[in-house]
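K.L.:
Provided below for reference: sequence and predicted model.
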Amino acid sequence: MATFLFRLGRWSYLHRRIVLVVWLGILVAVAGASTAIQKGYNDLFSIDGVPSQHATEMLMEKFPGTKNPMEDASVTLVYQAPEGKTLTDPEVASAIDASLQAIRDNVTALTDEGRESLTDPVTANAAQTQLLIESETQMGLSQEVAEADAANVALVSADGTTGTTSFSFDVDIPADVTTADKDAVHDALDIAREAGLKAEAGGAGFGDPIEIEPISEVIGVIVAFIVLIFTFGSLLAAGLPLITAVIGIGIGALGISGATAFVALNNITPVLGIMIGLAVGIDYALFIMSRFRDELRQGRSRADAVGLATGTAGSAVVFAGLTVIVALVGLVLADIEFLTYMGFAAAAIVLIAVLVALTLLPALLGFGGQRVFRKDAAFGRGEIPDSTTHRGRHGKRRKLGPIARLSDRLAGTSRAARKARNPYAPSLGTRWVALIHRAPGVFVVVVIAVLVALTLPAQNLQLSLPSDSTSPESTTQRRSADLIEENFGAGRNSPLLVIVDGADADPDSVSLQPLVAAGVEPAQAAFVTVKDQLSNNVGVKRAQLISASEDGLTAQILVTPTTGPIDEQTVQLIGQLRDEMSRLENETGVDMGMTGFTPIQQDVTDRLEGAMPVYLALVVGLALILLLMVFRSLLVPVVAAAGFLLSIGAAFGVTVLFWQEGLWGLIESPGPLISFMPIFLIGVTFGLAMDYEVFILSRMRERWTKYSHAAVASGDAGRYNAVEDSVVRGFGMGARVVTAAALIMIAVFASFIAQPLPFIKVFGFALGAGVLFDAFFIRMTLVPALMFITGRGTWYMPKWLDRVLPTFDVEGEKLEKAYDSGEIERVDA
């Protein structure tokens, strides 16, 4: 593969115009096609095969016209009278009427029936109370029970100060609600607020749109540009990875939009794709350009240097990219459709980033010519300049720019090294690993202790999907949920809807006998029995019959918990009620299920939590196998996998500590983390961890196989033995570029904390933390420390296993031998 990549990279350099035209043509074609066929994203998180699915299907079948709870774009309006007044006061009622009239007049996605049914809370409450009492008494319930049930779902608080009313946008799914209609609701609320009322809105139809604000990409690109300047010492060289990354994510993001014409994609899909694509796109270009500079230092022609960089570092890029892709595609094992598509989309962007780095980057290096690493090319021709000058194109001695000089000093390169431009000379990287060499056991203990301590908060991990209760406290959605909880109880925000099909109710059932014997129809008896049994569960405020189908054989039972939607007690109650329902089905012969926004979201969360251990086992096992084949070592894969578990645990821990527990009050609205964050974090962090493992370990192995034994024999290794020399020198060659790559990755991810939506903030924070712990604590500290401790055991591989496993030449050793021997024709360009 290395030879093929060499030829591909050199061809792209020599035929740069063709390559550039092809990639720009792809960008334009994908943009045009995507604009023409895309159907837009949705904001649904439903999953097939979960317990709530059966109940939802029963609901829509037995009660025609009822929408899937996850597709209903309903809005709940909450009005609270000024202090000392109630909703019936004339001026308060007048303000509410004006607010509702503005909605009727200005919201376009309302049917005529919807406009007529949108009434003030006092009027709506009176009508609802009368209807419920009449309906329940006709079903055989007592007046007292009917009145209590009506009070439980009252639209006006007991003190008369707060009321709710609702309507639904006439759209297929909540994501179809237009910004203009939402703005019209906001303006209507302002009418009531100007009159002194508190007026808020929430509900599935009134969520904030999931989109990326440009500020994150701008911040990430600026920080990446600064890091690249100090890494390469050249403005032009620093700009090339950014150009290739932007083109790559542009094609990828547009392609994802076009894919909505064929599959339903969640609107978080492009957000995560752009986040990951920007980070890996910059990093992959960084790795290849760094190797390109090294090849120039050895006197290669630019065309051959590009080819060798693409064949060596490019091989590592391909392997690293494939590892990330496999990890993302592996999300299919969770058997969750929207998560699978998210994984496929992110994997596609990573694939594009790899292809761009292997072809477009060499072409752009061709366009840059002598302006890219000009001083290094001169140095590579055999000159030994001083630290501040180099010969220009016409032989005149010219000063290095201030950026280049500052780049060297920030890297910690000694004056002698700057004179000789020696990549193996002491730098911050070699000094750091030399420090580790002095007391490797201490570093191992400290790193493990710190990461384990940071992992402990992860034991309290709580997961949820976005809802009004998890919105920032500054939003109208969160304020509406808080007003409802304060005035109607926390359970009003987390209703559970039980559907009971009594068509096959067993009249001989012991549970139904008392009512059947009294002349009650078996189905009716089943409804009452189920309601009463569910009411007896701890955590249930009230269970009540709210509707029956036209044939009278199916009923809806509303269960109101005592706790809110993100409370752990509500989660436990859902499981407890389902166990109770299963028992009642066996006893009475009825068919039933639980649905509603809260149960459906909990089912999604439960499925994701259940898939996480399986997925974690997959990626760890994958790491062991891949690294075993690449590095021909038993120890390296074990250390890599164990280190990954430590870093991912610490990332979970600090994310829980800050975003769930609200450490130091830095987070505006701490709460449960979004349900699919952990499994996605595992996949992405695993892929990136393997990136750093490959890039830094390949340098160590390259030193081990080529130079270390000879260096020890000649005395050039100093106080190090062969293994120690391979670790120190290899680390020194790879540390700077890996450090730069990690800093860029962290900056890109952390910049998404500036996004307005909480779960995007959490994703950015968690991914940044994962890269921080894995790159600096594991790959650049724990791994070399353990290698020093294990000595020759580091590179031990049983001969029989070495023969069985396929070989991957990630370091490009065979390519370099073929090039040095003249087997590969050289090009002087």
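P.N.:
Yep, it's here. Residues are numbered from 1 along each chain as shown.

K.L.:
my read is Ala167 is in a helix, agree?
P.N.:
You called it Ala, but residue 167 is Phe. No. The assignment for Phe167, made by DSSP: H, G, I helix; E, B strand; the rest coil, is strand rather than a helix.

K.L.:
for it, give me its contacts.
P.N.:
74-75, 77, 103, 110, 114, 117-118 (CB atoms under 8 Å, 6 or more residues apart in numbering). For every residue, glycine as well, the C-beta is placed using N, CA and C.

K.L.:
repeat that with 10 Å
P.N.:
73-77, 100, 103-104, 107, 109-111, 114-115, 117-119, 185, 203, 205 (CB atoms under 10 Å, 6 or more residues apart in numbering).

K.L.:
emit the ChimeraX select command for whichever of the residues you listed are buried.
P.N.:
Only the buried entries of the contacts of Phe167 go into this ChimeraX selection, using 16 or more other CB atoms under 10 Å:
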select :73,74,75,76,77,100,103,107,109,110,114,118,119,185,203,205
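
K.L.:
which strand or helix spans the residue nearest to Met733 when sequence neighbours are not counted?
P.N.:
Excluding the flanking residues, the one nearest Met733 by CB to CB, 6 or more residues apart in numbering is Arg699, at 4.5 Å. Secondary structure assigned from DSSP states H and E places Arg699 in helix 677-703.

K.L.:
tell me which element Asp532 falls in.
P.N.:
Going by DSSP H and E, Asp532 is in helix 522-535.

K.L.:
pull the distance from that helix to the chain's centre.
P.N.:
Helix 522-535 has its C-alpha centroid displaced from the chain centroid by 43 Å (CA atoms, centre = their mean, to the nearest Å).

K.L.:
pairing partners for the helix or strand just after it, with directions?
P.N.:
Per DSSP H and E, the first helix or strand lying C-terminal to helix 522-535 is strand 540-548. Paired neighbours of strand 540-548 in the sheet (DSSP bridges): strand 554-561 (antiparallel).

K.L.:
okay, the angle between the partner strand and helix 522-535?
P.N.:
10 degrees (axes from the mean of the first three to the mean of the last three CA atoms, to 10 degrees).

K.L.:
dump strand 554-561 to CSV, restricted to CA.
P.N.:
C-alpha atoms of strand 554-561 as CSV (Å, rounded to 0.1, in the frame of the first residue of the first chain):
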residue,chain,number,x,y,z
THR,A,554,-59.8,0.2,24.2
ALA,A,555,-59.1,2.8,26.8
GLN,A,556,-56.4,5.4,27.5
ILE,A,557,-55.2,5.6,31.1
LEU,A,558,-53.2,8.6,32.1
VAL,A,559,-50.7,8.0,34.8
THR,A,560,-49.3,11.1,36.5
PRO,A,561,-46.0,10.5,38.4
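
K.L.:
wait, is Ser12 part of a strand?
P.N.:
No. Counting by three-state DSSP, Ser12 is not part of a strand but helix.

K.L.:
circling back to that earlier point, what about the residue nearest to Met733, distance to Glu693?
P.N.:
Distance of Arg699 to Glu693, given as CB to CB, to the nearest Å: 11 Å.

K.L.:
out of the two, which sits in the busier spot?
P.N.:
Set Arg699 next to Glu693 and count neighbours by other CB atoms under 10 Å: Glu693 wins out with 30 against 24.

K.L.:
now the more buried one: closest residue in space that isn't a chain neighbour?
P.N.:
Ala640 (5.0 Å).

K.L.:
how far out from the middle of the chain is the helix or strand hosting Gly248?
P.N.:
Using DSSP H and E, Gly248 falls within helix 235-259. Mean-position distance between helix 235-259 and its chain equals 19 Å (CA atoms, centre = their mean).

K.L.:
show the average pLDDT along the next helix or strand along the chain from that helix.
P.N.:
Downstream of helix 235-259, the first helix or strand assigned by DSSP H and E is helix 269-297. Model confidence over helix 269-297, given as mean pLDDT, is 86.

K.L.:
same thing with stretch 797-805?
P.N.:
On average, stretch 797-805 scores 85.

K.L.:
list the buried ones in it?
P.N.:
Buried, per 16+ other CB under 10 Å, within stretch 797-805: nothing.

K.L.:
what residues does it touch?
P.N.:
Residues contacting stretch 797-805 (CB under 10 Å, 6+ apart): 625, 628-636.

K.L.:
so where is this protein shaky, pLDDT-wise?
P.N.:
Within the chain, the stretches with pLDDT under 70 are 43-47, 209-214, 216, 374-426, 707-718, 809-812, 829.

K.L.:
for it, which segments count as strands?
P.N.:
Remark: strands assigned in the chain by DSSP state E are 74-80, 162-168, 198-202, 389-391, 397-399, 463-464, 496-501, 540-548, 554-561, 591-595, 673-674.

K.L.:
turn those strands into CSV, columns for distance to Asp482.
P.N.:
Below are the strands of the chain laid out as CSV (distance: least, CB to CB, whole Å):
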stretch, distance to Asp482
strand 74-80, 9
strand 162-168, 11
strand 198-202, 8
strand 389-391, 65
strand 397-399, 64
strand 463-464, 16
strand 496-501, 21
strand 540-548, 18
strand 554-561, 17
strand 591-595, 25
strand 673-674, 20
